[in-house]
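Engineer: Provided below for reference: sequence and predicted model.
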Amino acid sequence: MNYKTKSKKIFLLYTLIAMAFLIFLSVMLLTVLKSRHLPSLYTKETSKAQRGSIISADGFHIATTQKLYKAVVNTLYIDPQKMNLFIQLFSIYSGIDSKEIEKKLKKAKGSVVLSYNITEKMAQYLKRLSYELRRYDVFVERKNPKTGYTTLHGLNIIESGESREYPYGDLLTPIIGYPHKQEEQGYTYIKGVKGLEKRFERALAPRQDELRQGKRDVNGYIILNKESFSKPHINGLNIKLNIPVGLQIRVERMLDSMKKELEAKEIICAVMDTKSAKVITLASSNRYLPKNIKRSDYPSLNSAMTEYSFEPGSVIKPITFALLLDKGLVNPYDLVNGHNGRFKMGRKVITDEHDFDWLSAENVIVHSSNIGIAQLAQKLSGGEFYDGLLDFGFSKKSTPDLVYERQGSIPSATRLNNEIYKATCSYGYGMNANLMQLIRAYSAFNNNGRIVTPKIVDSFVDARGQIKEIPNEEQIQVIKSSTADRVKKILIKTVNEGTGKKTKSDGLTVGGKTGTAHIVEAGKYVNRYNTAFLGFVNDREKKYTMGVIVIEPKSSQFASQTAVLVFKDIIDIMVEEAYLTPVL
């Protein structure tokens, strides 16, 4: 071989080596630059925070939230030889019948939802099962024909939403209200629509979802170490009420019974601790199941305690009398002409149930004389009467704890200058009020002339048990203490000698006033009535302001035979439950 031939061969060899090296470098460069679908070394886990609970004064959860999960499996990744093992284990852990699971798996190939209603406790068991199934190779890797990549899918337990639970059924409805479900990115949320659920939506709503992220292990689970990041969930605040379950249940059962006995459309009542303003019972005979609302329940969805406004009738007489007494316009012993039960004022004829000749001013209240109070009310100017009713809280919101209150109305000062308007308003016609407004107004007679604002919710409680007290509203002095004391004695006399005799309770101080009023429909009075009894009951230490409204009783149109009986039953329950201690 000559020198030139040898040189050519060496040159060709080096050229081939150089080209191979260039090709190698090009391939390496393309490999580096080309995007690859490698499994991530990192993962993240999220968990939704929960809505707060509504808790009774005695610590029972009246409304609470339960997380819901769905169990999803991809049938293509289950080893056919271990399909039966998967079915049997999932059935044991979930409590779902194995035949039902088998039917779902055979019905569809690919991703199958085995259940949408997995509870939080069950979800924890199933997550553990998912880990064990991977460990025992129940799931196998499959190659995706489109991408060419190998993947493995196991049993996935996914948060799907939340469910609002009411362990005590219809207890405290409609005050507690009800929620609606809302869907957001495949997750079902709960949002309040009525009652406390609506009023305290912002407090109850979850604050912050849980987040954990970091490196994952071979099974896809996050490795918690100093390189991982976590953010805790912050649930919504719990709301603690002033209403105890034990007392509420007994009062509601009694209302159910009395509704039937009195053949009433509805009976509502409220009991408030006069000193603290805490409402310890707020009940209706018309309730519903918040998770199973039927069409027949629609009339009961509104809280009649604040959303039913009506002409209150004679329970307004003590307030009219208090305004007169406070301004020195009447003396309790002044004589008033009863006109034998029939008195014409202008073009209007005012009547009484009983014929009176002459009676003292205080006995106008004791025996509930429309004629007597109509004449006494003329001593008030329209402005004095109007301002006085405003001071007592009429046509104003009664409590900050409930929504959609119907605040009622009172005649204008100009109208109240008219003797007829003044007369009818003095005994509770021509104006509208709700039960809680009446409770607030009557608290003045049991609290030295100061009205208090009814307080249903006591405090907020966070997940750590820290309590945030809700301060009481300022008490408002509406009449002099001496005036309140005198009216209080008159109301006690009304129970002892007048229309409220059936509320008498040995060893307790009971005072109050009956009221009966026609119902107005389409601007006209119809032959149907509401009856009421507003007052107080005290022992040596405790003072309660109470009210009962019986809506459209058919058994009798008289409060003394309807509302008074319910009022007395509540007193008896309170004694039995140790909220009152008679001095015998």
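Structural biologist: Sure, I can see it.
Engineer: quick check: chain neighbours aside, which residue is closest to Y189?
Structural biologist: With CB to CB, 6 or more residues apart in numbering as the criterion, Y189 has its nearest non-adjacent residue at 4.8 Å, and that residue is Q182. In this view, the C-beta of every residue, glycine as well, is placed from N, C-alpha and C.
Engineer: distance of that neighbour from K191?
Structural biologist: Counting by CB to CB, to the nearest Å, the gap from Q182 to K191 is 5 Å.
Engineer: the residue nearest to Y189: neighbouring residues, count only.
Structural biologist: For Q182, the neighbour count with other CB atoms under 10 Å is 11.
Engineer: and the contacts of the host helix or strand of it?
Structural biologist: Q182 belongs to strand 179-184 when assigned by DSSP states H and E. Strand 179-184 is contacted by residues 161, 164, 188-193, 197, 290 when judged by CB atoms under 8 Å, 6 or more residues apart in numbering.
Engineer: most neighbours among those residues, which one is it?
Structural biologist: P290 (26 neighbours).
Engineer: how would you label that one: helix, strand or coil?
Structural biologist: coil (DSSP: H, G, I helix; E, B strand; the rest coil).
Engineer: chain neighbours aside, what residue packs nearest to it?
Structural biologist: Distances taken as CB to CB, 6+ apart put Y178 closest to P290, at 4.0 Å, once the chain neighbours are dropped.
Engineer: my guess is that neighbour contacts L196. True?
Structural biologist: No. At 10.2 Å, Y178 and L196 do not qualify as touching, with contact defined as CB atoms under 8 Å.
Engineer: contact partners for the residue nearest to P290?
Structural biologist: Here Y178 is in contact with 192-195, 197, 288, 290, 293, 301 (CB under 8 Å, 6+ apart).
Engineer: quick one: the strands in the stretch 451-584 of the chain?
Structural biologist: 457-461, 467-469, 476-477, 509-521, 524-538, 543-551 (DSSP state E, counting those that start in this stretch).
Engineer: helices or strands up against the fourth one?
Structural biologist: Counting contacts by 3 or more CB pairs under 8 Å, 6 or more residues apart in numbering; DSSP states H and E, strand 509-521 packs against helix 481-497, strand 524-538, helix 563-576.
Engineer: as TSV, the ones you listed with distance to F392 would be great.
Structural biologist: Compiled in TSV, the helices and strands packed on strand 509-521 are given as follows (distance: least, CB to CB, whole Å):
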stretch	distance to F392
helix 481-497	12
strand 524-538	12
helix 563-576	20
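Engineer: looking at the ones you listed, which is closest to T424?
Structural biologist: strand 524-538 (11.4 Å; CB to CB).
Engineer: pull the distance from the closest one to the chain's centre.
Structural biologist: 26 Å (CA atoms, centre = their mean, to the nearest Å).
Engineer: now do stretch 190-204
Structural biologist: Taking mean C-alpha positions (CA atoms, centre = their mean), stretch 190-204 and its chain are 7 Å apart.
Engineer: for it, the averaged confidence score.
Structural biologist: Predicted confidence along stretch 190-204 averages 94 (mean pLDDT).
Engineer: can you verify L324 is assigned to a helix?
Structural biologist: Yes. With three-state DSSP as the criterion, L324 is part of a helix.
Engineer: was I right to think it contacts L380?
Structural biologist: Yes. Using CB under 8 Å, L324 makes contact with L380 at a distance of 6.4 Å.
Engineer: and I175, how far from Q185?
Structural biologist: Between I175 and Q185 the computed distance is 33 Å (CB to CB).
Engineer: ditto for S443
Structural biologist: For S443, the distance to Q185 - CB to CB - is 49 Å.
Engineer: again, but for Y529
Structural biologist: In terms of CB to CB, Y529 sits 54 Å off from Q185.
Engineer: likewise for I551?
Structural biologist: Relative to Q185, and taking CB to CB, I551 is found at 45 Å.
Engineer: these two: which has the busier surroundings?
Structural biologist: I551 (22 against 4).
Engineer: and that one, what are its bridge partners?
Structural biologist: E266, N530 (DSSP bridges).
Engineer: my guess is L129 meets Q88, correct?
Structural biologist: No. Using CB under 8 Å, L129 is not in contact with Q88; the gap is 11.3 Å.
Engineer: have a look at the two and say which one is more surrounded.
Structural biologist: Taking neighbours as other CB under 10 Å, L129 and Q88 compare with L129 leading, 21 against 13.
Engineer: what about the more buried one, helix or strand, and which?
Structural biologist: helix 120-135.
Engineer: ranges for the helices of the stretch 1-150 of the chain?
Structural biologist: 3-33, 83-94, 98-107, 120-135 (DSSP state H, counting those that start in this stretch).
Engineer: rank these by mean pLDDT and give me the bottom one.
Structural biologist: Looking at the helices of the stretch 1-150 of the chain, the weakest mean confidence is helix 3-33, a mean of 70.
Engineer: show me what contacts N417?
Structural biologist: 381-383.
Engineer: name the nearest of those residues relative to R342.
Structural biologist: Of the contacts of N417, the one sitting nearest to R342 (CB to CB) turns out to be G382, at 25.9 Å.
Engineer: tell me the confidence at the closest one?
Structural biologist: pLDDT, read off for G382, is 96.
Engineer: ok, now the one 3 residues further on?
Structural biologist: With respect to pLDDT, F385 has a value of 98.
Engineer: that one is in contact with K327, isn't it?
Structural biologist: No. When contacts are counted by CB under 8 Å, F385 is not listed as touching K327 (10.4 Å).
Engineer: comparing the two, which shows the higher neighbour count?
Structural biologist: Remark: of F385 and K327, F385 carries more neighbours, 26 against 16, as counted by other CB under 10 Å.
Engineer: A helix includes that one, no?
Structural biologist: Yes. Under three-state DSSP, F385 falls within a helix.
Engineer: which ones are touching it?
Structural biologist: 320, 323, 377, 413, 416, 422, 425.
Engineer: let's see 10 Å
Structural biologist: Applying CB atoms under 10 Å, 6 or more residues apart in numbering, one finds that F385 lies in contact with 320, 323-324, 377-379, 410-411, 413, 415-417, 421-422, 425-426.
Engineer: out of the residues you listed, grab the one that's most surrounded.
Structural biologist: S426 (29 neighbours).
Engineer: which ones are touching that residue?
Structural biologist: 314, 316-317, 319-321, 323-324, 370, 372-378, 380, 385, 416.
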